[in-house]
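Structural data only, the sequence is not supplied:
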DNA sequence: CTCCCGATAT
DNA sequence: ATATCAGGAG
């Protein structure tokens, strides 16, 4: 993996998605944290549908702990994994009020201590809400990075993050993160990736292999 | 590693 | 019917 090849990949996805951005609706760091927590194993679109009403009903940490656990569970039910997430949100809000005066902290070490907030969510909050360069490795970033050879197939998400940070200039981390997500979500999809019309096909071993398989299937029929 | 889990696409 | 979706905790 040469630096020139990395540059070519970054420039190509930059051309495809010049203004890739966070698609989770939010108006402050607290709302962003709640939205990202809710987004685990769920599409952004579904999260936005739920938070549209949720953020109208709940504004501050106090609001989330003022209701019963069961009521909050019902308010986020459509997201899935709602029992874990409702419990985490209430624990998160109590901890914010106890230790941080109800505000979302800025440091990575503080963020990952929050209930329901892991490394990926912490990186999203840091980069999107506080403008700290970070590469949050979600399912799309992991899949795309491995397909394009930016990481190895057996790498953990942490290893993928470290390899991307090493290969991508720091000032491009956050934007690259968003472009990799857009590329994975709208083009290099998990089930039906658009290999046939992919500008990175010649740089993608899996894409070529995948096209052969498709041709084979067609010829078998 | 398993479990949590409803909505959507294929 | 099955895979997948901006993961995290035990």
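Looks like it arrived, so ask away. Bear in mind that the values here come from a model prediction, so they are computed numbers and not experimental data. Numbering: from 1, shown residues only, chains lettered A, B, ... in the order given.

Now for the spatially most central residue of chain A: which residues touch it?
When chain A is reduced to its mean C-alpha position, the closest residue under Cα atoms, centre = their mean turns out to be residue A:138, at 4.5 Å. With contact set as Cβ atoms under 8 Å, 6 or more residues apart in numbering, residue A:138 has these partners: A:120, A:181. Every C-beta, even on glycine, is put in place using the N, C-alpha and C of the backbone.

what about 6 Å?
With Cβ atoms under 6 Å, 6 or more residues apart in numbering as the criterion, the residues that contact residue A:138 are residue A:120.

Kindly report the same for the one 10 residues further on.
Taking Cβ under 6 Å, 6+ apart, we find residue A:148 in contact with A:9, A:204.

what's the burial count for residue A:153?
The local packing of residue A:153 (other Cβ atoms under 10 Å) involves 8 other residues.

Repeat that for the one 3 residues further on.
Using other Cβ under 10 Å, the number of residues around residue A:156 comes to 11.

Repeat that for residue A:169.
Considering only other Cβ under 10 Å, residue A:169 is surrounded by 12 other residues.

Please apply the same query to the one 5 residues further on.
The local packing count at residue A:174 equals 21, with neighbours defined by other Cβ under 10 Å.

so is it in a helix, a strand, or just coil?
helix (DSSP: H, G, I helix; E, B strand; the rest coil).

Distance of it relative to DNA strand B?
Counting by Cβ to the nearest atom of the strand, to the nearest Å, the gap from residue A:174 to DNA strand B is 26 Å.

Surely that residue touches residue A:128?
No - applying Cβ atoms under 6 Å, one finds residue A:174 not in contact with residue A:128, separated by 7.6 Å.

Could you pull out the strands in chain A for me?
Taking DSSP state E as the test, none of chain A falls into strands.
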